[in-house]
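Visitor: sequence? don't have it. structure:
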């Protein structure tokens with residue numbers, strides 16, 4: 001016996017998400033479901049993922065879309081600190097060069113043992129600007145002499161057995177140029193007196209050469225000290241000749 005015909009009823013789930021409807025006569029149903037954008041919640045911000053982002057997340061590659069954010073924003077540093085410029089250190093080194101006598105109590109070895117670049121460069125540029133009465137064409141030439149003259153002193157010191165680096169020589173030679181800058185106003189006053197002018201120039205050269213040599217020429221040179229002191233003295237004579245235009 002065939003069971004009585006039971007009318008086909010609609011099954012409607014109570015959650016309200018989907019509705020299944022029986023199709024009489026095995027009617028073929030076709031269609032598509034448009035993929036909507038998926039909204040992902042991150043804290044309080046709502047971000048909309050594209051189709052490509054959704055695909056990567058479904059395939060387990062969502063870590064490619066993660067962005068690491070620091071707990072705190074990076075603190076901004078002062079410009080001088082970024083450039084590694086210590087004004088107090090430079091000022092102390094300038095005083096050590098201007099007052100090279102050991103009796104004055106300055107720790108002058110800091111000029112050699114803790115070399116920097118910006119202090120010597122400032123001294124060299126200042127000397128270049130006052131040279132030849134402000135003719136800036138000599139600036140590049142003075143900087144060149146500073147760099148290659150220091151390289152010559154460095155190579156000679158290494159040949160003689162000195163334990164010194166090129167950076168140390170560059171810093172000492174640059175800082176020791178400051179006495180020549182100091183005597184410039186004196187030269188402007190005594191320029192009409194030839195004898196006094198020569199004395200002031202010799203005083204400035206000896207001042208600079210002694211300041212540099214006392215830092216670069218150590219006990220390791222022993223009897224070879226004149227071989228290094230002499231080229232240092234000639235280097236500062238050449239610097240002074242650039243100022244006077246000789």
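Guide: Good, I have the coordinates. Here the structure is a predicted model, which is why all the values come from computation and not from measurement.
Visitor: so how far is residue 234 from the closest residue in space to residue 102 that isn't next to it in sequence?
Guide: Distances taken as Cβ to Cβ, 6 or more residues apart in numbering place residue 108 nearest to residue 102, at 7.6 Å, with adjacent residues excluded. The way it works is simple: take the backbone N, C-alpha and C, and place the C-beta from them, glycine included. Using Cβ to Cβ, to the nearest Å, residue 108 is found at 23 Å from residue 234.
Visitor: the more surrounded of these two?
Guide: Between residue 108 and residue 234, counted using other Cβ atoms under 10 Å, the more crowded position is residue 108 (22 against 14).
Visitor: residues contacting the more buried one?
Guide: 96, 100, 102, 214-215 (Cβ atoms under 8 Å, 6 or more residues apart in numbering).
Visitor: distance of it from residue 101?
Guide: From residue 108 to residue 101 the distance is 9 Å (Cβ to Cβ).
Visitor: Residue 129 too?
Guide: 29 Å.
Visitor: which one of the two has more residues nearby?
Guide: For residue 129 versus residue 101, neighbours defined as other Cβ under 10 Å are more numerous around residue 129 (15 against 11).
Visitor: looking at it, residue 114 is touching residue 89, isn't it?
Guide: Yes - using Cβ atoms under 8 Å, residue 114 is in contact with residue 89, at 7.3 Å.
Visitor: In this structure, where is pLDDT below threshold?
Guide: The chain contains residues with pLDDT under 70 at 1-53, 55-56, 59-80, 132-137, 221-222, 244-246.
Visitor: Looking at it, which helix is longest?
Guide: helix 194-216 (DSSP state H).
Visitor: Flag every buried residue along that one.
Guide: Within helix 194-216, the residues that count as buried by 16 or more other Cβ atoms under 10 Å are 197, 200-201, 204-205, 207-216.
Visitor: what do you get for stretch 220-232?
Guide: 221, 224, 228-229, 232.
Visitor: With stretch 122-135 instead?
Guide: 122-124, 127-128, 130-132.
Visitor: hang on, the earlier thing: hmm, which two among the contacts of residue 108 are most spread apart?
Guide: Maximum pairwise distance among the contacts of residue 108 (Cβ to Cβ): 11.6 Å, between 102 and 215.
Visitor: could you show me where the helices are in this protein, in order?
Guide: Using DSSP H, the helices of the chain run over 51-58, 79-82, 87-98, 109-113, 118-130, 139-159, 166-175, 178-182, 184-189, 194-216, 225-244.
Visitor: what angle separates the third one from helix 118-130?
Guide: On the basis of axes from the mean of the first three to the mean of the last three Cα atoms, to 10 degrees, helix 87-98 is oriented at 60 degrees to helix 118-130.
Visitor: what's helix 87-98 packed up against?
Guide: For helix 87-98, the packing partners by 3 or more Cβ pairs under 8 Å, 6 or more residues apart in numbering; DSSP states H and E come out as helix 109-113, helix 118-130, helix 166-175, helix 178-182.
Visitor: Quick one: work out the angle between the second one and helix 139-159.
Guide: Translated: helix 118-130. Relative orientation of helix 118-130 versus helix 139-159 (the same axes, to 10 degrees): 130 degrees.
Visitor: still on that earlier bit, out of the contacts of residue 108, flag the one nearest to residue 149.
Guide: residue 215 (15.5 Å).
Visitor: Run through the residues that contact the closest one.
Guide: So residue 215 contacts 108-109, 111-112, 172, 176 (Cβ under 8 Å, 6+ apart).
Visitor: would you turn the contacts of residue 108 into TSV with distance to residue 193?
Guide: What follows is the contacts of residue 108, written out as TSV (distance: Cβ to Cβ, whole Å):
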residue	distance to residue 193
96	32
100	27
102	33
214	30
215	33
